[in-house]
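A.B. asks: Requesting a structural model of the entry that follows:
(chains A and B)
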Amino acid sequence: MSIYAVNRLCREALRDAAFRAALKRDPHAAIAPLSLTDEERSALINGDVAWLYERGAHPFLLAYLTRWELFGLTVPLYSERIRTAREPDPTE
Amino acid sequence: MAEIVAAFGVPHTPNFPALVAKQGPDCQTARLYAEVAKHLHEASPDVLVIYTDDHFNTFFLDNFPTFAIGVANHIAGPNDQTAMPSYRVAGEPSLAGHVRAKAIADGFDLSLVQEFDLDHSIMVPLHFLTPDMQIPIVPLFINGLAPPLPSAQRCFALGRAVGDAIEEWPAVKRVAVIGSGSFSLEIGGPRIPLGERACTPDPQWAECVQDHLEHGRVAGLVEQATASRLARAGNIGGELLNWIAMLGVVGDRKPIFIAPEIEHGHAYAAWRLD
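C.D. replies: Take a look at the predicted model:
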């Protein structure tokens, strides 16, 4: 259930200007202390929002990342990627 | 005893305050809110009971209620960096506590929230409807965003139970009920078009909802608003549940005013109940 940490990261990016700046400056270092799996870490670093969505990251929260183009996610890039996502398994 | 004098439905799109500040009072958004505000002030309510869905701001996924009621003396917002003025509005803890007790006795287990602030979903409607913040509010939260959502039947029944509780409140007060949100909206999900953050994926559903509202067919609306239908309406389509709960006090009455914006997947509406 560590996808919870991904959702939380998105909200903290909205709320905490210092965390947001750290994500922008050095995303690897900023997410290092978070409780994430290796796969989640690499999906974030690669801006793989479809993979994160399929594992339960909430799209309302994920879309925050485009406001500051965190993890390289511009609106065009985010939309291109999320459109490839399958619906997540609601039982997970 | 208290009297339910009116009900209203409005969107709460977070960029509306900035949009209206830029485009002025003659733009469509300003005019539609002003029309609802006119009906609200004609009904002259003493308290507003408002159904809304928190967008992970008042609550987060660590602790996310399906149904909750705000029992507080004062409430501030917005708490989500919406581009709009900050406000502080009085709560009505006497009514909120009464509704909570009655609803729980009636089988609706409302979570209690006493120290909280609010996001755009209540503050945007208040910004347009009661910008002087002189009418106290009771916020009722329904999970419309994090599936599984409560069913439309359950939300409608909650709305009826809350309506009964309001009418048993031993205060000589006029109460209005508001439901806030969209009928069809996708934010950040797979159905957004290339280059966009959001869209209205299901305008046909928005039109169907509008038609049911216009003709007072609440039973038909509740029956059609299944979990899969709401999901097809977009990942924010569950906001219709706020309207359905509000309709608990309306029943099959027709609105005195309704204006759809189908392309945006929402509508503005007013009912007089006195």
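A.B. asks: How about the contacts made by residue B:38?
C.D. replies: Residues counted as contacts of residue B:38 (CB atoms under 8 Å, 6 or more residues apart in numbering or on different chains): none. Backbone N, C-alpha and C define where each C-beta goes, glycine included.
A.B. asks: Assign a three-state SS to it, would you?
C.D. replies: State at residue B:38, reduced to three classes by DSSP: H, G, I helix; E, B strand; the rest coil: helix.
A.B. asks: Show the pLDDT at it.
C.D. replies: We have a pLDDT of 98 for residue B:38.
A.B. asks: ditto for residue B:65
C.D. replies: 98.
A.B. asks: show me what contacts it?
C.D. replies: Residues in contact with residue B:65 (CB under 8 Å, 6+ apart) are B:59, B:111, B:113, B:141, B:143.
A.B. asks: Also residue B:126?
C.D. replies: B:87, B:89, B:133, B:137.
A.B. asks: Ok, residue B:160 next?
C.D. replies: Residue B:160 touches B:248-249, counting by CB under 8 Å, 6+ apart.
A.B. asks: Now do the SS call for residue B:5.
C.D. replies: strand.
A.B. asks: on that earlier part again, could you work out the most separated pair of the contacts of residue B:65?
C.D. replies: Greatest spatial distance in those: B:113 and B:143, 13.3 Å, computed using CB to CB.
A.B. asks: now the residue of the stretch 151-274 of chain B found nearest chain A, nearest residue through space, not along the chain?
C.D. replies: With CB to the nearest CB as the measure, residue B:188 is the residue of the stretch 151-274 of chain B nearest to chain A, at 2.9 Å. Spatial nearest neighbour of residue B:188, chain neighbours left out: residue A:63 (2.9 Å); criterion: CB to CB, 6 or more residues apart in numbering or on different chains.
A.B. asks: go on, residue B:17?
C.D. replies: Nearest to residue B:17 is residue B:84, by CB to CB, 6+ apart, at 3.6 Å.
A.B. asks: just residue B:207 next, same as before
C.D. replies: Using CB to CB, 6+ apart, the nearest residue to residue B:207 is residue B:262, at 5.3 Å.
A.B. asks: Isn't the one you found up against residue B:208?
C.D. replies: No: the criterion here is CB atoms under 8 Å, and residue B:262 misses it with residue B:208 at 10.1 Å.
A.B. asks: hey, where'd the helices end up in the stretch 151-274 of chain B?
C.D. replies: According to DSSP state H, counting those that start in this stretch, the stretch 151-274 of chain B carries its helices in the segments B:152-167, B:203-214, B:218-224, B:227-232, B:240-246.
A.B. asks: can you tell which of those is closest to residue B:37?
C.D. replies: Closest to residue B:37 of the helices of the stretch 151-274 of chain B, according to CB to CB: helix B:240-246, at 16.6 Å.
A.B. asks: Show the secondary-structure elements that that closest one is packed against.
C.D. replies: strand B:3-10, strand B:47-52, strand B:137-142, helix B:152-167, strand B:174-180, helix B:203-214 (3 or more CB pairs under 8 Å, 6 or more residues apart in numbering or on different chains; DSSP states H and E).
A.B. asks: now do 7 Å
C.D. replies: strand B:3-10, strand B:47-52, strand B:137-142, helix B:152-167, strand B:174-180 (3 or more CB pairs under 7 Å, 6 or more residues apart in numbering or on different chains; DSSP states H and E).
A.B. asks: starting at the chain centroid, how far to it?
C.D. replies: 7 Å (CA atoms, centre = their mean, to the nearest Å).
A.B. asks: How about stretch A:18-36?
C.D. replies: Distance, centroid of stretch A:18-36 to centroid of chain: 11 Å (CA atoms, centre = their mean).
A.B. asks: just for chain A, where's the confidence low?
C.D. replies: For chain A, the stretches flagged by pLDDT under 70 are A:1, A:89-92.
A.B. asks: who's in contact with the one residue in it that gets nearest to chain B?
C.D. replies: In chain A, the residue found nearest to chain B is residue A:63; the distance is 2.9 Å by CB to the nearest CB. Taking CB atoms under 7 Å, 6 or more residues apart in numbering or on different chains, we find residue A:63 in contact with B:187-188, B:197.
A.B. asks: go on, residue A:58?
C.D. replies: A:7, B:146.
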